[in-house]
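[1] A predicted structure for the sequence below; I have some questions about it.
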Amino acid sequence: MNKIVVNGGRRLSGEVVIGGSKNAALPLLFGGIATGEVCIFSNLPRVSDVLQTLEILKFLGARIRFLPGGDVRVDYSAVQSGRAPVALTASIRGSTYLLGSMLARFGRAELAAAGGCDFGSRPIDQHLMGFECLGAKVSSNADGVVVEAPNGLCGTVIRLAMPSVGATANLMIAASMARGETVIENAAAEPHVAALAAFLCDAGAEITGVGSDRIRIVGQPELHGTRNVIIPDMIEAGTYLCAGVACGGPVRVRAVCPSHLHPLLNAFREMGVKVETGEHHVTVTAAEPYQNISVVTGPFPAFPTDLHPQMTALFALGGRAEGEGAVTELVWESRFRYTQELCRMGARIDIADRCARITPQALHAAKLRSPDLRGGAALLLAALATKGKSEITNAATIGRGYEHLEQKLRALGAHISVS
Ligand code: UD1
């Protein structure tokens, strides 16, 4: 997926079946290393970050089989302690989960570099601080980081400086095989953290307090293989709902957990968008123009940072949006690079500190470059809602998180081609 061409300005309506969550899949796939056995994953999204993760696991010795019917069987029994090549780990942030899972299973983990979208500095000091609290020795230099606990990990109380999703997940994996009890204070409560806890519990761990800011883990000498159904991708679902709002709708997303989407749905309601929810679906309709509002990102259940760029795109659409909108980004300091591209379409966006103020303008089609996964999704939304032919290059960044993007948008009536 290199380039997306969109002939925009068409009303989008219909249904989209949402796939498994990328952000849940990565910690589970890496966390499976700690089991040392066979795990079978259903609803695993075939997005490039997941395929890359499977390559990393294969390099480390895992045997992977795509089963008829779509499940993926990962046999972790032959995984060896070692360093995955930087060429594989550098492009996905999820490779940091190698630290917690390798440490749990082998008492030693190393990582050359972990990547992901470029939002400025993406430190892992809280992960490393937690490993040290569990009794590991951490050494890092320009070549990467090594974490060692030859005599095993010891349960303790770890207080995170902020509710980091990555640190909570990594420490939960490591603590699942530590001696005794670990408490993570100021823990993240995202649905993908809860999904990892459920996976680890099915594998034999004892974890309580998930969804609160205090997670308690009683370590086990061994974990065992298990089956898991990956939870629905709330960010994919949110993006298609935003497409429905941008392009009129009604758009229904199916196979979702509406409770995970509450922050977005509350924002839509405040904007005057019609929202209808069922047990596993959500429908939005925005036949009339909607009112711009103010959103502030933060740890769950606050507004998700991964839906912030899509909201900016909605707020920018003259003729659809009314009034000034504001998006304040409190999770990542440098997540506004995509706004420069929106401005190439004629958007008016003023950024001061961590807040973007958006005044709707009539946008025009343009040639755009996707800077990162969700920033690229925002450009796509703007292109879909704007008359004329827009092109988005560097579209592989978008392919990292959206499975069957072209087919799903075409089913809603979009004129789109992906090459
Ligand atoms: C974050 C999001 C997650 C999203 C992902 C990809 C939050 C809380 N987390 O997860 O929902 O799917 O980005 O966009 O919204 N931090 C440190 N030191 C650390 C770890 C984190 O300072 O060791 C800081 C980060 O710089 C950032 C904040 O904590 O400002 C949240 O980071 P974290 O939740 O760990 O990021 P991800 O796990 O990538």
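    In hand now; what should we look at?
[2] tell me the secondary structure at whichever residue of the stretch 1-150 of the chain sits closest to the ligand.
    Closest contact between the stretch 1-150 of the chain and the ligand, by CB to the nearest ligand atom, is at residue 126 (3.2 Å). Just so you know, the C-beta spots here come from the backbone N, C-alpha and C atoms, and that holds for glycine as well. Per DSSP: H, G, I helix; E, B strand; the rest coil, the local secondary structure of residue 126 is helix.
[3] quick check: the closest residue to it other than its chain neighbours vs the ligand, distance?
    Nearest non-adjacent residue to residue 126, counting by CB to CB, 6 or more residues apart in numbering: residue 167, 3.9 Å away. Distance, residue 167 to the ligand, using CB to the nearest ligand atom, to the nearest Å: 5 Å.
[4] how deep is residue 167 tucked in, by neighbour count?
    For residue 167, the neighbour count with other CB atoms under 10 Å is 28.
[5] circling back: the residue of the stretch 1-150 of the chain closest to the ligand contacts residue 169, doesn't it?
    No - with contact defined as CB atoms under 8 Å, residue 126 does not reach residue 169; the gap is 11.3 Å.
[6] what residues sit buried inside stretch 304-322?
    Residues of stretch 304-322 classed as buried: 304-318, 320-322 (neighbour count, 16 or more other CB atoms under 10 Å).
[7] sorry, slip of the keys, the one I care about is stretch 39-59.
    For stretch 39-59, the neighbour count (16+ other CB under 10 Å) marks 39-41, 43-45, 47-50, 52-57, 59 as buried.
[8] end to end, how far does that stretch reach?
    By CA to CA, to the nearest Å, the extent of stretch 39-59 from end to end equals 17 Å.
[9] may I see the buried residues of the helix or strand containing residue 183?
    Per DSSP states H and E: residue 183 is located in strand 181-185. For strand 181-185, burial by neighbour count (16+ other CB under 10 Å) applies to 182, 183, 184.
[10] how about the residues of the chain near the ligand?
    23, 93, 122-127, 162-167, 188, 190, 299, 304-306, 331-332 (CB under 6 Å from any ligand atom).
[11] so which of these are in helices?
    23, 125, 126, 127, 165, 166, 167 (DSSP state H).
[12] could you dump these to a markdown table with pLDDT?
    Formatted as a markdown table, those follow (pLDDT from 0 to 100):
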| residue | pLDDT |
| --- | --- |
| 23 | 96 |
| 125 | 94 |
| 126 | 97 |
| 127 | 97 |
| 165 | 97 |
| 166 | 97 |
| 167 | 98 |
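[13] any chance of these in TSV, with distance to residue 102 too?
    Shown next, in TSV, are those (distance: CB to CB, whole Å):
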residue	distance to residue 102
23	20
125	19
126	18
127	13
165	19
166	15
167	16
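[14] of those, buried ones?
    For these, a neighbour count by 16+ other CB under 10 Å gives the buried set as 23, 126, 127, 165, 166, 167.
[15] pull the contacting residues for the fifth one.
    The one in question is residue 166. Going by CB atoms under 8 Å, 6 or more residues apart in numbering, residue 166 touches 93, 96, 97, 124, 127.
[16] measure it to residue 301 for me?
    Computed as CB to CB, to the nearest Å, the residue 166 to residue 301 distance reads 18 Å.
[17] how about the first one?
    Taking CB to CB as the criterion, residue 23 is separated from residue 301 by 16 Å.
[18] same question for the last one.
    Shown here: residue 167 relative to residue 301, a distance of 19 Å by CB to CB.
[19] which residue is most remote from the mean position of the chain?
    In the chain, residue 151 marks the outermost C-alpha relative to the chain mean, sitting 34.0 Å out by CA atoms, centre = their mean.
[20] that one: what's it in contact with?
    107, 135.
[21] did I read that right, it in a helix?
    No - Residue 151 is assigned coil when assessed by three-state DSSP, not a helix.
[22] tell me the pLDDT of it.
    On the pLDDT scale, residue 151 is placed at 95.
[23] show me this protein divided up by domain.
    Listed by automatic domain parsing, the domain ranges of the chain are 3-19+232-418, 22-229.
[24] distance between the ends of the last one?
    Right, domain 22-229. Terminal residues of domain 22-229 lie 12 Å apart, using CA to CA.
[25] again, but for the first one
    Domain 3-19+232-418 stretches 6 Å from its first residue to its last (CA to CA).
[26] neighbours of residue 2, just the number please.
    Residue 2 is flanked by 11 other residues according to other CB under 10 Å.
[27] which SSE is it in?
    According to DSSP H and E, residue 2 maps onto no helix or strand at all.
[28] elements contacting whatever helix or strand residue 407 lives in?
    Under the criterion of DSSP H and E, residue 407 resides in helix 405-411. Judged by 3 or more CB pairs under 8 Å, 6 or more residues apart in numbering; DSSP states H and E, the packing partners of helix 405-411 are strand 12-17, strand 415-418.
[29] return the most buried member of those strands.
    With neighbours taken as mean count of other CB atoms under 10 Å, those reach their highest mean count in strand 12-17, at a mean of 18.
[30] partners of that one in the sheet?
    strand 248-254 (parallel) (DSSP bridges).
[31] got the CA coordinates for the partner strand in CSV?
    Extracted C-alpha coordinates of strand 248-254, given in CSV (Å, rounded to 0.1, in the frame of the first residue of the first chain):
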residue,chain,number,x,y,z
GLY,A,248,-23.3,12.1,6.2
GLY,A,249,-24.0,8.5,6.9
PRO,A,250,-25.8,6.6,8.2
VAL,A,251,-22.7,4.4,8.9
ARG,A,252,-23.0,1.4,11.1
VAL,A,253,-19.9,-0.4,12.6
ARG,A,254,-20.6,-4.0,13.5
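[32] mind listing what's buried along that strand?
    248, 249, 250, 251, 252, 253.
[33] how many neighbouring residues does the residue lying closest to the third one once chain neighbours are set aside have?
    What it means is residue 250. Closest residue to residue 250 apart from its sequence neighbours, by CB to CB, 6+ apart: residue 285 at 4.2 Å. Neighbour count of residue 285, defined by other CB under 10 Å: 17.
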